[in-house]
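build me a model from this:
(chains A and B)
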Amino acid sequence: MVEDKDIILKATNISKQYRLGLVGTGTISHDLNRWWSRIRGKEDPYLKVGESNDRSTKGKSEYVWALQDINFEVKRGEVLGIIGKNGAGKSTLLKILSKVTGPTTGEIKTRGRIASLLEVGTGFHGEMTGRENVFLNGAILGMTKKEIASKIDEIIEFSGCQRYIDTPVKRYSSGMTVRLAFAVAAFLEPEILVIDEVLAVGDAEFQKKAIGKMQDISQGQGRTVIFVSHNMAVIKSLCTRCIVLEHGCINYVGNQDAAVNYYLTSEISKSNIDLEKREDRNGNQNIKFTNVRFYNKNKLEATEIISGEYLKIKFDIKKKKEIDYSKLIVAISVLDRDLNIALSYISDEMGFNFEELENSNYFELEIPNLYLRAGDYSLRLFSSYIDTQQSNFLDVVENVSNLTILQGDIWKSGKLNRAGSSMILPGNFNIS
Amino acid sequence: MNTKRASQDWLYTISPKRKLIDLNFKEIWRYRDLLFLFVKRDIITVYKQTILGPLWFFIQPLFTSIIFTLIFNKLAAIPTGEGVPAFLFNLAGITSWNYFSTCLTGTSNTFKANQGVFGKVYFPRVITPLSVVFSNLLKFGIQLLVLVVFYIYYVFFTDEAENAAPQTVILLLPFLILFMGLFGLGLGMILSSLTTKYRDLTFLVSFGVQLLMYGSAVMYPLSYFKTRLPEYSWIVEYNPMTTIIELFRYMTLGVGNFSFYNFLYAGVISIILFLLGLIIFNKTEKSFIDTV
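From the prediction side, this is the model:
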């Protein structure tokens, strides 16, 4: 019982159903159907149908469960992270928490006021000055005029827009708008703060400031925060506990490091599936990556390469339609565990022409010295036609084949390089 | 003991269950500053970067009245009553009609127009249509001043307005204005809720309001309509807006006649429509973001 008191928010059996396709057509008939079953005292006929939400496979039903049977508790002062792929249901869950939309089933009980920040600058009006917008935006987020007035100087200072504060917001650069908007949100003081991926805005300096402020809110002021991000480093440093969502269900709950590990390994384990059969890809697939193999300095196939040594990657492709291969652009990126790009090789900037691919079903990428520290990496394969506009994508696949790099001695110093995710570039210390 | 009570003491619950009326007046009161700021935003942003600025508040009813006077009174020779200038008659009609119609059209697209904000942050949604009604009330106040100014002009500088005079029942004017607002708000809330699902209604609103104006005795007195087109007069007569406009003209200019029965009729219809609107709006509020 004593422990119960610490729980500030409790979600039980939360589910959310959406209707896919052309919303609006046939609604009257479905509405009538619902109403007819309701007056006969029967269950809503459309609640029984629906499938779990997998973006990449096309389902049979036009109803889909964006969230299914979500249960969790949040303790006072906890920073709960929510991670998952695009379309896993993170934003839907935040929307329900912030009362923007109601759940289809289940309930959420809370002991504190929830303020949500799903977007920065909601309700900003271009014709009004920065100062007027601070008041309006603050009020939309649930602050009273008095609260805002008492904090306005701090807000303006935090935003760094002092000079423009009495200028209409439409004259602001987009970065300035975002700074001002985040500054308002940063001074919200609810018991529970719900934040969608909004820290990924602004320049590097401001991001650092924003993350610092977040840390201050959660640790310094002991506020409860529920937080979505794709940035694993931020999740690891801010959160105290983490939920991993997949296809609308909770797959894992635990401390942040374990959860991030779980998420990344489950993502990486997908890379073991036959590349050709993977459905979670973009582009028109006029050419399609079907297999990726690594070769070490002895020309043998390998999944582990020693730091600093030779690596050759061989890409098998399948052609659906002949294209002008001289206009093909391929980009191969090596990503670290936190999904940051460590290296990338982009064919057009390297001046490589794929013309001869016409007579071949594979191509190779040779890296004479793989100057990466030891760790687990994955590949992102990208190919497009003429330029890198979305409409020209041929085949784009994330998380392909995990590559393990073992510790090596790049500096020939007799000592192994430390592990990590950074690159090592030639260089030396001097005292002259 | 204490902890036990605390553990059951949830502040609030988010659930799919919908009560018929789920209005949280305490919450709306907590957001009163937002209401105020929305009104301020509506007022100051409408005519930003225009040369005439707030003068547009005057220009629109004035010119409409001039045109109405030319077309309906000079050309079509609709009588407006002995000793009452047609221009004043029209201005009174348009001022009151405008308040109702701006409330109706302003609130009828609440959900669609605020989709972006509603999809991202929660606040009591009723605040938005309420803010429309309040900002229009301010505009109505300004236009009422115009009516007063022209009334004074006609009384002191011409002899056309010998029979036009405010009546003592003008003391009931605040209630009449309340009815106008509630009527527009109620109808607007119903329409805005329905348009989230059935978009066809948006087209209906834009020309429906225009049609309704012709059926609401704005540019003619009800009595004249009754003598000329008795077979259709029930449409105009039972239209609550006719009653409101006729009452408004009686209170301010003494045209037509007054009955408490009419006053009550307008009041009851407005309040019923408002409550109905509130219920429907409340039901829509929770799920609209998925259907809009």
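
I'd like the next helix or strand past the helix or strand bottoming out on mean pLDDT in chain A.
Using mean pLDDT, DSSP states H and E, strand A:51-52 stands out as the lowest-scoring helix or strand of chain A, at a mean of 58. Using DSSP states H and E, the helix or strand that directly follows strand A:51-52 along the chain is strand A:63-75.

the very next helix or strand once past that next one pairs with which strands, parallel or anti?
The element immediately downstream of strand A:63-75 (helix or strand, assigned by DSSP H and E) is strand A:79-84. Paired with strand A:79-84 in the same sheet, following DSSP bridges, are strand A:224-228 (parallel), strand A:241-246 (parallel).

tell me which of these sits most buried.
Highest mean neighbour count among the strands paired with strand A:79-84 (mean count of other C-beta atoms under 10 Å in any protein chain shown): strand A:224-228, with a mean of 24. Yep, even glycine has a C-beta here, placed from its N, CA and C like the rest.

report all helices and strands that the helix or strand following that strand contacts.
Later in the chain than strand A:224-228, the nearest helix or strand by DSSP H and E is helix A:232-238. Packed against helix A:232-238, as judged by 3 or more C-beta pairs under 8 Å, 6 or more residues apart in numbering or on different chains; DSSP states H and E, are the following elements: strand A:79-84, helix A:204-215, strand A:224-228, helix A:256-270.

can you list the neighbours in contact with helix A:232-238?
With contact meaning C-beta atoms under 8 Å, 6 or more residues apart in numbering or on different chains, helix A:232-238 is reached by A:79, A:81, A:83, A:199, A:211, A:214-215, A:218, A:225, A:227, A:229, A:242, A:256-257, A:260, A:263-264, A:337-340.

what about residue B:33, neighbour count?
19 (other C-beta atoms under 10 Å in any protein chain shown).

returning to that earlier point: buried subset of the contacts of helix A:232-238?
Buried members of the contacts of helix A:232-238, counted by 16 or more other C-beta atoms under 10 Å in any protein chain shown: A:79, A:81, A:83, A:199, A:211, A:214, A:218, A:225, A:227, A:229, A:242, A:256, A:260, A:263-264, A:337, A:339.

which residues touch the closest residue to residue A:425 other than its chain neighbours?
With C-beta to C-beta, 6 or more residues apart in numbering or on different chains as the criterion, residue A:425 has its nearest non-adjacent residue at 6.3 Å, and that residue is residue A:371. For residue A:371, the contacting residues are A:307, A:308, A:410, A:423, A:424, A:425, A:426, by C-beta under 8 Å, 6+ apart.

output those residues as CSV; include the columns neighbour count and secondary structure.
Below are the contacts of residue A:371 laid out as CSV (neighbours: other C-beta atoms under 10 Å in any protein chain shown; DSSP: H, G, I helix; E, B strand; the rest coil):
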residue, neighbour count, secondary structure
A:307, 22, coil
A:308, 19, coil
A:410, 21, coil
A:423, 13, strand
A:424, 18, coil
A:425, 7, coil
A:426, 8, coil
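
and residue B:19, what pLDDT?
If you check residue B:19, the pLDDT there is 63.

ok so, going back, of the contacts of residue A:371, closest to chain B?
Using C-beta to the nearest C-beta, residue A:423 comes nearest to chain B of these, at 38.9 Å.

ok, the closest one touching residue A:342?
Yes - using C-beta atoms under 8 Å, residue A:423 is in contact with residue A:342, at 6.2 Å.

might you list the low-confidence residue ranges for chain B?
For chain B, applying pLDDT under 70 flags the ranges B:1-8, B:17-22, B:291-292.

list the contacts of the spatially most central residue of it.
By C-alpha atoms, centre = their mean, chain B has its centre lying nearest to residue B:100, at 2.3 Å. By C-beta under 8 Å, 6+ apart, the contact list for residue B:100 reads B:180, B:183, B:184, B:241, B:244.

returning to that earlier point: export the contacts of residue A:371 as CSV, with columns for pLDDT.
Converted to CSV, these look like this (pLDDT from 0 to 100):
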residue, pLDDT
A:307, 87
A:308, 87
A:410, 86
A:423, 86
A:424, 88
A:425, 88
A:426, 85
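
closest to residue B:88 among the residues you listed?
residue A:423 (82.7 Å; C-beta to C-beta).

which residues in chain A form helices?
Per DSSP state H, chain A carries helices over the ranges A:27-39, A:90-97, A:130-140, A:145-159, A:174-186, A:204-215, A:232-238, A:256-270.

let me have the ones you listed in CSV, extended by mean pLDDT and distance to residue A:108.
Below are those laid out as CSV (pLDDT from 0 to 100; distance: least, C-beta to C-beta, whole Å):
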stretch, mean pLDDT, distance to residue A:108
helix A:27-39, 69, 24
helix A:90-97, 89, 7
helix A:130-140, 91, 22
helix A:145-159, 91, 25
helix A:174-186, 84, 22
helix A:204-215, 77, 23
helix A:232-238, 79, 22
helix A:256-270, 76, 21
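
looking at those helices, which is nearest to residue A:333?
helix A:256-270 (15.1 Å).

check the offset of the closest one from the chain's centre.
14 Å (C-alpha atoms, centre = their mean, to the nearest Å).

work out for me the element the residue of the stretch 151-292 of chain B found nearest chain A sits within.
Nearest to chain A, among the residues of the stretch 151-292 of chain B, is residue B:286, at 4.2 Å (C-beta to the nearest C-beta). If you go by DSSP H and E, residue B:286 is part of helix B:260-291.

what is that helix packed up against?
Against helix B:260-291 (3+ C-beta pairs under 8 Å, 6+ apart) you get helix B:115-118, helix B:173-195, helix B:240-253.

and among the ones you listed, the most buried is which?
Mean neighbour count (mean count of other C-beta under 10 Å) peaks for helix B:240-253 among these, with a mean of 25.

elements contacting that one?
helix B:86-108, helix B:127-157, helix B:173-195, helix B:260-291.

point out the most buried one among the ones you listed.
By mean count of other C-beta under 10 Å, the helices and strands packed on helix B:240-253 have helix B:86-108 as the most buried, with a mean of 25.

hang on, the earlier thing: check contacts around the closest residue to the residue of the stretch 151-292 of chain B closest to chain A other than its chain neighbours.
Distances taken as C-beta to C-beta, 6+ apart put residue A:102 closest to residue B:286, at 4.2 Å, once the chain neighbours are dropped. Contacts for residue A:102 (C-beta under 8 Å, 6+ apart) come out as A:96, B:14, B:15, B:16, B:286, B:287.

swap in 7 Å and give it another go.
Shown in contact with residue A:102 (C-beta atoms under 7 Å, 6 or more residues apart in numbering or on different chains): B:16, B:286, B:287.

mean pLDDT for the strands paired with strand A:79-84 - can I get that in a markdown table?
Below are the strands paired with strand A:79-84 laid out as a markdown table (pLDDT from 0 to 100):
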| stretch | mean pLDDT |
| --- | --- |
| strand A:224-228 | 88 |
| strand A:241-246 | 90 |
